[in-house]
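Give me a 3D structure for the following:
(one chain, ligands or ions: 1)
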Amino acid sequence: MPELPEVETVRRGLEPVMTDTVIEYAQVNRPDLRWPLPANMSERLTGQRVLGLRRRSKYILCDLEGGETLLIHLGMSGRMLISGAQVGAFAHPHPAPEKHDHVVLNMVGGARITFNDARRFGAMDLAPTPEVASHKWLAGLGPEPLGNSFSDEHLVARLKGRKMPIKSGLLDQKIVAGLGNIYVCETLYRAGIHPARQAGAISERRVRSMVPIIRQVLEEAIAAGGSSLRDFRQADGELGYFQHNFDVYGREGMTCKTQECEAEIRRIVQSGRSSFYCPTCQR
Ligand SMILES: [Zn+2]
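Here you go, the predicted model:
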């Protein structure tokens, strides 16, 4: 499932192909993904110039000249493929249409963006640009972890007195938007905090220490995505899924990466999701 860094990588990959370019023809191949697609979607997109691409949490927001914004969520398995244009060092010819190509944007100048989603957990909608922030998908979200309004004061205030495990606190999209399972595990490992610790019982000093760590973990992953846009892994024109080495995520039974720690990484299941942690370094 794409997390914030993957979505940001997709946004950065689409930006040069779409921004300031007109959608010559939007092909919409089915009425719904996870939810119904907007009415007359093809007509509302076709002929529109793309003003720019933004990201909010795990949504890509594509602002159109006519005053609407296309909201895109990749879901569990959604893929964006670019063909007919240069992506990093590569130019990809248009592939043969595939079964799960649900939305295809043919851009003036010959580039094509194909949204393929076998499991159809992805979603798209159109909303007037000034009202996007209050769209039902975005209205309840907390601050962006890489934005200015995500501060240590905010995190301290929102976790104060909370009985939930810190893992659940960081996954709560109302507290901070866009953090997912992988990057929460990585954050808690670097902060030395056990994922099952009660959020409200962690000292203020340690809560504050997580804010720069969250930013660092995400920025490193975004940087890894950026280099994937330039290298061979993007040779198929597919955006967003890149190799990244995690410190703790997915390392159950392997030796902790902290110097001089010889403990084995453990895995527990919290709210149905795996948490990986070092029993020695994380308290
Ligand atoms: Zn350790």
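
Go ahead and confirm E3 touches E186.
No - using CB atoms under 8 Å, E3 is not in contact with E186; the gap is 10.4 Å. The way it works is simple: take the backbone N, C-alpha and C, and place the C-beta from them, glycine included.

If you count surrounding residues, which of these two has more?
When E3 and E186 are compared for neighbours, E186 comes out ahead with 23 against 17, by other CB atoms under 10 Å.

Show me what the helix or strand harbouring the more buried one packs onto, helices and strands only.
If you go by DSSP states H and E, E186 is part of helix 181-191. Secondary-structure packing of helix 181-191 (3 or more CB pairs under 8 Å, 6 or more residues apart in numbering; DSSP states H and E): helix 166-171, helix 204-230, strand 273-277.

Tell me where the model's unsure across the stretch 101-250 of the chain.
Within the stretch 101-250 of the chain, the segments meeting pLDDT under 70 span 230-237, 240-243.

Quick one: residues contacting the residue of the stretch 1-150 of the chain with the smallest separation from the ion.
Per CB to the ion, the residue of the stretch 1-150 of the chain with the smallest distance to the ion is E3, at 23.5 Å. Shown in contact with E3 (CB atoms under 8 Å, 6 or more residues apart in numbering): K58, G178, L179, G180, N181, I182, Y183, A221.

go again using 6 Å as the cut-off
Going by CB atoms under 6 Å, 6 or more residues apart in numbering, E3 touches G180, I182, Y183.

Make CSV from the helices and strands packed on helix 181-191 and add mean neighbour count and distance to G140 to it.
Below are those laid out as CSV (neighbours: other CB atoms under 10 Å; distance: least, CB to CB, whole Å):
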stretch, mean neighbour count, distance to G140
helix 166-171, 23, 14
helix 204-230, 17, 20
strand 273-277, 21, 20
